[in-house]
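Asker: coords below, sequence missing:
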């Protein structure tokens, strides 16, 4: 399961990185706390971080469920797709929010497979398979 | 523990569903990213999702702690109350935010029992019970 | 691992407490749902809660990884630093958002050690150490 834990830690560090980008944008665009609006570029960085928070909350339990009922290596591989998807999402969202679809798809697809795979595995376990 | 994992996966899918409602409201009410304000109905859907994010972050570790120290079946049953509570919350919040109290109570009550039960179980374990 | 679970439960309860502060500020400053802006003091409480949500999502898996690869007692000790850091963060942010740095540092430092320690432990396990 070390593969799974490495991917988990990398996803956490990726979120820290996005948060640092938000902190940087706060300074660069002069948005003083507690404000989170007032500059379009700041808001793009902020929304990337917030959306990643939402995905991370799905990803980590999903990865854990999938890896415990199916294959940890496949779980970790889907996790790598998630990590790449988030980087694509960030790059495209900051450039142009309307272009964020592909990066979002590359996140929600592996996340959905992880959750649905975990659900399927748990249901099968319940019925004795 | 398969019951617990099924409830966990359902809570994750419920959050995905609320996020899809937000995406739908974005299109319907013409709120372009990165904006998250500007239309009351969009904001209701958005706040349902955000509040569910907060509850989910409490629910999943709480469910895990409670189920490992007490009874997984009781944990899963409290999880079902949580799932129903969130649906009531969404329906009432979107209709009228001022009426969100009952649905919120049906979430925070099971969540509190899960966390406090988990805490109590861990403290008892520490003292050798 | 009971120490780790107690710290986890306390971090969840701390987040519930911050959420209750937000609910109180909603009433006190007359911010009606779904709004989350309109009063500086409300926004301070709201941002404390939101920032804690972000940190909690890092803290819990980080604590779990660190404690499983290294020492649960050290993990729990870093968790106590996190808990204190969050209280300092809240008190200073509500008083003056510009003074939030120390409390934030007392959170992100233990969180970073937990994640990086967990990552290091998982990588070492992978290479057979």
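Answerer: Great, that's in hand. From a predicted model like this one, the values you see are computed outputs, not experimental measurements. Residues are numbered from 1 along each chain as shown, chains lettered A, B, ... in the order given.
Asker: Tell me if whatever helix or strand residue A:46 lives in is near chain C.
Answerer: In this structure, residue A:46 sits in helix A:40-69 according to DSSP states H and E. Yes. Contact of helix A:40-69 with chain C (Cβ under 8 Å from any Cβ of the partner chain) involves A:49, A:53, A:56, A:57, A:60. Where you see a C-beta, it was placed from the backbone N, CA and C, and this is true even at glycine.
Asker: now the helices for chain A?
Answerer: Secondary structure of chain A (DSSP state H): helices at A:2-28, A:40-69, A:72-95, A:101-126.
Asker: Look up how far chain C lies from the residue nearest to residue A:69 when sequence neighbours are not counted.
Answerer: In space, and not counting its chain neighbours, residue A:69 is closest to residue A:121: 2.5 Å by Cβ to Cβ, 6 or more residues apart in numbering or on different chains. Distance, residue A:121 to chain C, using Cβ to the nearest Cβ, to the nearest Å: 21 Å.
Asker: show me what contacts residue A:121?
Answerer: A:65, A:66, A:68, A:69, A:70, B:5 (Cβ atoms under 8 Å, 6 or more residues apart in numbering or on different chains).
Asker: sorry, back to before: neighbour-wise, which one of the residues of helix A:40-69 next to chain C leads?
Answerer: Within the residues of helix A:40-69 next to chain C, residue A:56 tops the neighbour count with 25 neighbours, counted by other Cβ atoms under 10 Å in any protein chain shown.
Asker: Identify the residues contacting that residue.
Answerer: Residue A:56 makes contacts with A:11, A:12, A:15, C:57, as judged by Cβ under 8 Å, 6+ apart.
Asker: Just the buried residues out of those residues, in ChimeraX syntax.
Answerer: Burial among the contacts of residue A:56 is assessed by 16 or more other Cβ atoms under 10 Å in any protein chain shown; the matching ChimeraX selection reads:
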select /A:11,12,15 /C:57
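Asker: in chain A, what spans have low per-residue confidence?
Answerer: A:129 (pLDDT under 70).
Asker: can you list the residues of it near chain C?
Answerer: Within chain A, the positions near chain C by Cβ under 8 Å from any Cβ are A:2-3, A:5-6, A:8-10, A:12-13, A:15-16, A:19, A:32-37, A:49, A:53, A:56-57, A:60.
Asker: repeat that for 6 Å
Answerer: For chain A, the residues in contact with chain C (Cβ under 6 Å from any Cβ of the partner chain) are A:2, A:5, A:6, A:8, A:9, A:12, A:33, A:34, A:53, A:56, A:60.
Asker: can you pull the buried residues of the helix holding residue A:46?
Answerer: Neighbour count says helix A:40-69 has A:42-69 buried, by 16+ other Cβ under 10 Å.
Asker: What count of nearby residues applies to the closest residue to residue A:51 other than its chain neighbours?
Answerer: Once flanking residues are discounted, residue A:51 sits nearest to residue A:89: 7.3 Å by Cβ to Cβ, 6+ apart. Neighbours of residue A:89 under the rule other Cβ under 10 Å: 25.
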